[in-house]
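1. build me a model from this:
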Amino acid sequence: MLPCRILGHRFRFSSEGSTMRWECRRGCGTAGEKSYASKEDAARYARAFNREDRDKLGRNKLTLSLLPLRLFRRFRR
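-> Okay, here's the model as predicted:
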């Protein structure tokens, strides 16, 4: 699919028992699976990989707003 070629895949991860599965959310058919030693490991990795950077939008405003002050202090030294 063109969106996956241009923008990359958007994988969704899930776990069933000790197996973690993933598939492209855009419907291109790309999928896979991996087995882990325990079902807790598979669930933990699926949760961790399911996070997206978009979920954090708006939380890092403080860092960006302090950038001019940090640059000024660094320049002044």
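2. helices and strands of the chain: which one bottoms out on pLDDT?
-> Comparing every helix and strand of the chain by mean pLDDT, DSSP states H and E singles out helix 61-65 as the least confident one, with a mean of 61.
3. please enumerate residues in contact with stretch 4-11?
-> Applying CB atoms under 8 Å, 6 or more residues apart in numbering, the contact partners of stretch 4-11 are 22-26, 28, 30, 49. Just so you know, the C-beta spots here come from the backbone N, C-alpha and C atoms, and that holds for glycine as well.
4. rewinding a little: C-terminal to the least confident helix or strand of the chain, what's the next element?
-> Tracing the chain C-terminally past helix 61-65 and defining elements by DSSP states H and E, one meets helix 67-76 next.
5. report the buried residues of the helix or strand harbouring residue 15.
-> Per DSSP H and E, residue 15 falls inside strand 11-16. Within strand 11-16, the residues that qualify as buried are 11, 13, 15, counting by 16 or more other CB atoms under 10 Å.
6. okay, now the sheet partners of that strand, with direction.
-> According to DSSP bridges, strand 11-16 forms sheet pairs with strand 19-24 (antiparallel).
7. tell me the mean pLDDT for the partner strand?
-> For strand 19-24, mean pLDDT is 94.
8. so what's residue 38 up against?
-> residue 18.
9. state the distance from it to residue 66.
-> 42 Å (CB to CB, to the nearest Å).
10. so, low pLDDT: which residues of this protein?
-> 53-65 (pLDDT under 70).
11. can I take it that residue 4 is in a strand?
-> No. Under DSSP: H, G, I helix; E, B strand; the rest coil, residue 4 sits outside any strand and is assigned helix.
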